[in-house]
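Trainee: sequence first, predicted model second:
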Amino acid sequence: MKNPESILVIDDDRSVQISFELALEGYNLTIASSGSECLKIIEKDSIDLLFIDLNMPFMNGVEVLKAIKEKNYDFPIFVLSGDWVEYQRDLDKLSASGLTFQVLQKPMTLEQIRSSVKQAFNSR
């Protein structure tokens, strides 16, 4: 039986995508590999939770987060990064502007992924 919650994962690394597929089997899971895909999905579909990588080509995660903030979308956001220090200033600005998100260090274990999802849905 599928969980009704809709989770969107944006990461251009196929191994990360596979980890989320394995960890979140049974959820309504959508996976995309670019920021522009993310924004298209969010505009047409209702999502309950977003995991987004920071370091992606063409449109990085910070640019996507700015677009999400501008459109006032309201869902929990987990920012994924193996090295988020270079994005720290931009993330601080987004946080100060009122966008709420949590940064998670990659790589993540399957249990860490599941735990993050439970945390997000239990805090609503």
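Mentor: All right, it came through fine. Computed from a predicted model, the values in this text were never measured in an experiment.

Trainee: SS state for the residue nearest the centre of the chain?
Mentor: For the chain, the residue sitting closest to the mean C-alpha position, by Cα atoms, centre = their mean, is Phe51 at 1.5 Å. For Phe51, the assignment made with DSSP: H, G, I helix; E, B strand; the rest coil gives strand.

Trainee: you'd agree it is up against Ile10?
Mentor: Yes. Counting by Cβ atoms under 8 Å, Ile10 is a contact partner of Phe51 at 7.0 Å. (Glycine included, C-beta is placed from N, CA and C.)

Trainee: contact partners of stretch 67-83?
Mentor: Residues from elsewhere that reach stretch 67-83 (Cβ atoms under 8 Å, 6 or more residues apart in numbering): 11, 16, 39, 42, 47-55, 61, 65, 87, 91, 94, 97-108, 116, 120, 123-124.

Trainee: among these, which ones are in strands?
Mentor: Of these, the ones assigned to strands by DSSP state E are Leu49, Leu50, Phe51, Ile52, Asp53, Gln102, Val103, Leu104, Gln105.

Trainee: separate out the buried members of these.
Mentor: Leu49, Leu50, Phe51, Ile52, Asp53 (16 or more other Cβ atoms under 10 Å).

Trainee: thought Ile41 was touching the fourth one, still the case?
Mentor: No. If you go by Cβ under 8 Å, Ile52 and Ile41 don't touch, sitting 11.4 Å apart.

Trainee: how about the secondary structure of the residue lying closest to Gln17 once chain neighbours are set aside?
Mentor: Excluding its sequence neighbours, the residue lying closest to Gln17 (Cβ to Cβ, 6 or more residues apart in numbering) is Ile31, at 4.9 Å. In terms of secondary structure, Ile31 is strand; the call rests on three-state DSSP.
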